[in-house]
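Q: Attaching a predicted model along with its sequence, questions to come.
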Amino acid sequence: MTHKADQSRIGYTAVALVVGAALWPGSWDLFAADVQVGRYRSVLAAPTEGQANLLSAMVTVEFPSGVSTVGEAVHYLLRGSGYRLAAETAADPSRSDLLGLPLPEAHRSLGPMPLQDALETLGGPAFRLVEDPLHRLVSFERCTAPRRSPADQPDRERR
């Protein structure tokens with residue numbers, strides 16, 4: 001008889017714990033977004049940062065020898081990203097000067113870094129990356145004052 005009473009008490013305790021967890025503020029959201037993908041593993045059912053914001057996708061690139069200009073490197077980087085370079089007629093006239101420059105040897109290998117940072121690296125401090133998220137276009141425009149690269153910023157500003 002005692003054994004049966006213990007089983008009932010354990011059963012009620014388990015039900016109370018499950019109901020309590022479900023009613024706890026915010027706890028249901030935690031479980032609702034998890035998807036079980038294995039016996040002991042679950043993943044969050046949400047897009048990654050790179051999927052939600054395409055320019056934040058991490059890239060690592062080694063440009064092939066056939067890529068010799070900044071423009072070719074930009075086109076190479078944008079392949080498969082969902083973004084493309086804006087038409088020349090809609091861009092800052094000085095952009096063509098940038099895209100025609102030879103690709104610096106220091107830029108032949110980039111990453112891992114977000115796509116946006118890789119594009120900004122190719123643009124250098126004299127140009128700023130311009131994004132049109134509606135049409136998924138990028139371009140470069142001449143800065144009035146050169147921007148500082150992340151390497152030039154003091155440690156406390158990088159955080």
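A: Sure, I can see it. Numbering: from 1, shown residues only.

Q: now the strands: where do they sit in the chain?
A: Using DSSP state E, the strands of the chain run over residues 34-36, 42-44, 58-62, 84-85, 109-114, 127-132, 137-142.

Q: strand partners of the fifth one, parallel vs antiparallel please.
A: Read it as strand 109-114. strand 58-62 (antiparallel) (DSSP bridges).

Q: and the strand it pairs with, what's its mean pLDDT?
A: On average, the pLDDT along strand 58-62 is 97.

Q: now stretch 123-143
A: Stretch 123-143 carries an average pLDDT of 96.

Q: contact partners of that stretch?
A: Residues outside stretch 123-143 that contact it (C-beta atoms under 8 Å, 6 or more residues apart in numbering) are 54-55, 70, 78, 82-86, 90-92, 94-95, 98-99, 116, 119-120, 146-149. C-beta: built from backbone N, CA, C; applies to glycine.

Q: For stretch 48-67, measure first residue to last.
A: When the termini of stretch 48-67 are compared using C-alpha to C-alpha, to the nearest Å, they are 30 Å apart.

Q: Tell me the buried residues in that stretch?
A: By 16 or more other C-beta atoms under 10 Å, the buried positions in stretch 48-67 come out as 55, 57, 59, 61, 63, 67.

Q: Can you say which of the strands of the chain is packed in most?
A: Per residue and on average, the most neighbours among the strands of the chain fall to strand 137-142, with a mean of 20 (mean count of other C-beta atoms under 10 Å).

Q: So what are the sheet partners of it and their directions?
A: Within its sheet, and counting by DSSP bridges, strand 137-142 is paired with strand 84-85 (parallel), strand 127-132 (antiparallel).
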